[in-house]
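Participant: Pasted the sequence and its predicted model underneath.
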Amino acid sequence: MKLRKYQQDAHAAIFKEWETVTSTLVVLPTGSGKTVLFADVIRAVQPTRALVIAHREELIWQARDKIVTMTGLECGIEMGELYVNNSLFGDVPVVISTVQTQTRRMSRFRPTDFGLLIVDESHHACADTYRNLINYYCQNPALKVLAVTATPDRADEEALGQIFETVAFDYEILDAIHDGWLVPVDQQFVHIAGLDFSAMRTTAGDLNGADLAAVMEAERNLHGVATASVEIIGKRRAIVFTASVKQAEMMSEILNRHREGMADWVCGKTDKDTRREMLERFKRGDLQVVVNCGVLTEGFDDPGVEVIVMARPTKSRALYAQMSGRSTRPLPGLVDGVETADARKEAIRTSTKPSCLIVDFVGNSGRHKLMTAADILGGNVSDEAVERAIVEVKKKGGAVRVDVALDGAEEDIQEELKRRRQAEEARKSRLVAGVRYNTKFVNPFDAMELMPVRDRGWDNGRHLSDKQKALLLKQSIDPDAMSYAQGKQVIGELFKRWNNNLCTVKQSAVLKRYGYETKNMSRTDASLLLSGLARNGWKKNEPVTTY
């Protein structure tokens, strides 16, 4: 299985980080192939023995199937009644185990038994069970640790930064949509008069389960959510997420009153054979809607899902990302092997699944900040752009393309910043007679037209190295005027400009003061313009020769 470009980049970044650290984190959205990535890492480190840990049975079998398919290596399962039996002819090269099993059976393995530890769905690694497990195997000084997760909660980011030393690669949902690997996301808000979350308690960072269940199980709310869902879903296949088992059962019953046989429900206690048979019917299209309570958030892959009904609001970004991620995959065979982002996006646009829809039910949220599609797509987007996009989606009503709303909000903010910069430069030009090319520091975000990245929690307390600071100072950029994440962003952009022979940040800063657009200007053209300006006494009111 050939790795996609971003997977290749992530693979290279992991090994680059391991040159200087023991543990590193990779962020890839649901549906982008995290398992494929770490299976290829396992292949690359052979004959080093690997341990993969996850927290759910579905993820264990999913990982085994993918690793066997991609590497041909034998995988042993350590879980429940299953034990890895080491033989005289050599140890099984890959062991896959649940964190719950490891907690009870770590003594069966020595820290030196493994050279690679992979932590799947590592946003759970903040829990003590994970920390204890990681610390146990990290007693081996030769161990390398790779953590993989989809979009984590912002509150979790700082905690993850305390567990894993670096973030090797961060590829967000919006990146994958822009690159044509995931389908665009539409968002629709439905107001239900009886929904009132304002008095709910917060437990472990999310709405209290009992409080939420009581509101969502209320008869009036159940019928309001179900009726709206039937109308919005239409003939599309959908997954409904609920706050309680009772809500799932009642929601399924009400949906079937509207359209006989359209829905069934499942929860954690549903018999495994019954669950398997139900999901097979759903994948075949014999069942249109699956209503579930806490079952399909992870480890369930069905690219045919077109609608996600959030009948359980949440404050957890990670949970919302997991639920919505059940619908963001394109149809099978649609984008792999297609070379360009534009071609992939066109293939998605002209398919029978050109987008997915996420339906949120809103009421009085009070002090609670409930998650939306804009929140999970905006991992690297400024908080201001996310808030503007949410307002725009709510104002328009109906299904609204979220990536378009986010991009529009960022463009508006950029335009506002540009106007403010122009006004400031005009003010300065009236105060200063001439512009000198040897200005001490330049603003790289203005000069390169960059929106500063949002600071991620895992970067808290991190600082640019002396080598990185020296590089920025050499380009007349003040490293102390930006955060660690912004410094890395600027350095990345500098290398990009050098590799593409674009004008330097210092050249751009000066030329922008004279009204030139420099975003795609070459270094040579910038030099010619600056030479012409110098010959004219740093005045643009006379013709500038650019030969």
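Facilitator: Yep, it's here. Numbers count the residues shown, from 1 in each chain.

Participant: and stretch 196-209, which residues are buried?
Facilitator: Phe197, Met200, Asp206, Leu207 (16 or more other C-beta atoms under 10 Å). Any C-beta I mention is one placed from the backbone N, CA and C, and that applies to glycine too.

Participant: what does stretch 159-174 give?
Facilitator: 159-161, 163-174.

Participant: Please flag which of those sit within strands.
Facilitator: Among the buried residues of stretch 159-174, the residues falling in strands (DSSP state E) are Thr166, Val167, Ala168, Phe169, Asp170.

Participant: Domain map for the chain?
Facilitator: 5-171, 185-408, 433-535 (automatic domain parsing).

Participant: So for the second one, mean pLDDT?
Facilitator: Same thing as domain 185-408. For domain 185-408, mean pLDDT is 92.

Participant: From the opening residue of it to its closing one, how far?
Facilitator: Counting by C-alpha to C-alpha, to the nearest Å, you get 15 Å between the two ends of domain 185-408.

Participant: Please state the offset of that domain from the chain centre?
Facilitator: 17 Å (C-alpha atoms, centre = their mean, to the nearest Å).

Participant: Out of the domains of the chain, flag the one nearest Gln414.
Facilitator: domain 433-535 (6.2 Å; C-beta to C-beta).

Participant: picking that back up, now for the buried residues of stretch 196-209: which two are most distant?
Facilitator: Farthest apart among the buried residues of stretch 196-209 - using C-beta to C-beta - are Phe197 and Asp206, which lie 11.4 Å from each other.

Participant: Quick one: neighbours of Thr274, just the number.
Facilitator: 11 (other C-beta atoms under 10 Å).

Participant: any idea how far Ala199 is from it?
Facilitator: For Thr274, the distance to Ala199 (C-beta to C-beta, to the nearest Å) stands at 37 Å.

Participant: same thing with Asp407?
Facilitator: Distance from Asp407 to Ala199, by C-beta to C-beta: 37 Å.

Participant: repeat for Ile177
Facilitator: The gap separating Ile177 from Ala199 is 36 Å, by C-beta to C-beta.

Participant: One more: Leu133?
Facilitator: 38 Å.

Participant: circling back to that earlier point, of the buried residues of stretch 196-209, which is the nearest to Glu78?
Facilitator: The nearest one, if we look at the buried residues of stretch 196-209 relative to Glu78 and count by C-beta to C-beta, is Asp206, at 30.7 Å.

Participant: Give me the longest strand you can find in this protein.
Facilitator: Per DSSP E, the chain has its longest strand at strand 185-196.

Participant: circling back: of the ones in strands among the buried residues of stretch 159-174, which is the nearest to Lys16?
Facilitator: Nearest to Lys16 among these, with distances taken as C-beta to C-beta, is Ala168, at 7.2 Å.

Participant: Just to check, the closest one is in contact with Thr24?
Facilitator: Yes: in terms of C-beta atoms under 8 Å, Ala168 counts as a neighbour of Thr24; the distance is 4.3 Å.

Participant: hmm, back to that, quick check: the farthest pair among the ones in strands among the buried residues of stretch 159-174?
Facilitator: Longest span within those, C-beta to C-beta: Thr166 and Asp170, 10.9 Å.

Participant: Give the buried residues for the longest strand of the chain.
Facilitator: Those buried within strand 185-196 under the rule 16+ other C-beta under 10 Å are Val185, Asp186, Gln187, Gln188, Phe189, Val190, Ile192, Leu195.

Participant: How about stretch 21-30?
Facilitator: Neighbour-count burial for stretch 21-30 [16+ other C-beta under 10 Å]: Thr22, Ser23, Thr24, Leu25, Val26, Val27, Leu28, Pro29, Thr30.

Participant: What average pLDDT does that stretch get?
Facilitator: 93.

Participant: gap between it and the chain center?
Facilitator: Using C-alpha atoms, centre = their mean, the offset of stretch 21-30 from its chain centre is 12 Å.

Participant: Can we start the residue count at 22 from this point?
Facilitator: Done: numbering now begins at 22, and the last item shifts to stretch 42-51.

Participant: got the end-to-end distance for that stretch?
Facilitator: Using C-alpha to C-alpha, the two ends of stretch 42-51 sit 26 Å apart.

Participant: One more: stretch 127-137?
Facilitator: So stretch 127-137: terminal residues 15 Å apart, C-alpha to C-alpha.

Participant: what's it in contact with?
Facilitator: Stretch 127-137 is contacted by residues 62-63, 66, 69-72, 99, 104, 112, 116, 154, 157-161, 163-167 when judged by C-beta atoms under 8 Å, 6 or more residues apart in numbering.

Participant: These in helices, which ones?
Facilitator: Using DSSP state H, Val62, Ile63, Val66, Leu154, Tyr157, Tyr158 are the members of these that sit in helices.

Participant: Neighbour-wise, which one of the residues you listed leads?
Facilitator: Neighbour-wise, the ones in helices among the contacts of stretch 127-137 (other C-beta under 10 Å) top out at Ile63, 24 neighbours.

Participant: Verify the contact between that residue and Val115 for me.
Facilitator: Yes: assessed by C-beta under 8 Å, Ile63 is found in contact with Val115 at 6.1 Å.

Participant: Now do the shared contacts for the two.
Facilitator: Contacts common to Ile63 and Val115, judged by C-beta under 8 Å, 6+ apart, are Ala71, Val73, Ile88, Thr92, Leu94.

Participant: give me the number of residues near Gly54?
Facilitator: 21.

Participant: Check it and give its pLDDT.
Facilitator: On the pLDDT scale, Gly54 gets 90.

Participant: Check Arg451 too.
Facilitator: In this model, Arg451 carries a pLDDT of 59.

Participant: Surely Ile117 and Gln83 touch.
Facilitator: No: the criterion here is C-beta under 8 Å, and Ile117 misses it with Gln83 at 9.7 Å.

Participant: Which one of the two is surrounded by more residues?
Facilitator: Ile117 (26 against 19).

Participant: Any idea what that one is bridged to?
Facilitator: Judged by DSSP bridges, the bridge partners of Ile117 are Val73, Ile98.

Participant: Give the full set of residues in contact with it.
Facilitator: 72-75, 81, 84-85, 88, 96-100.
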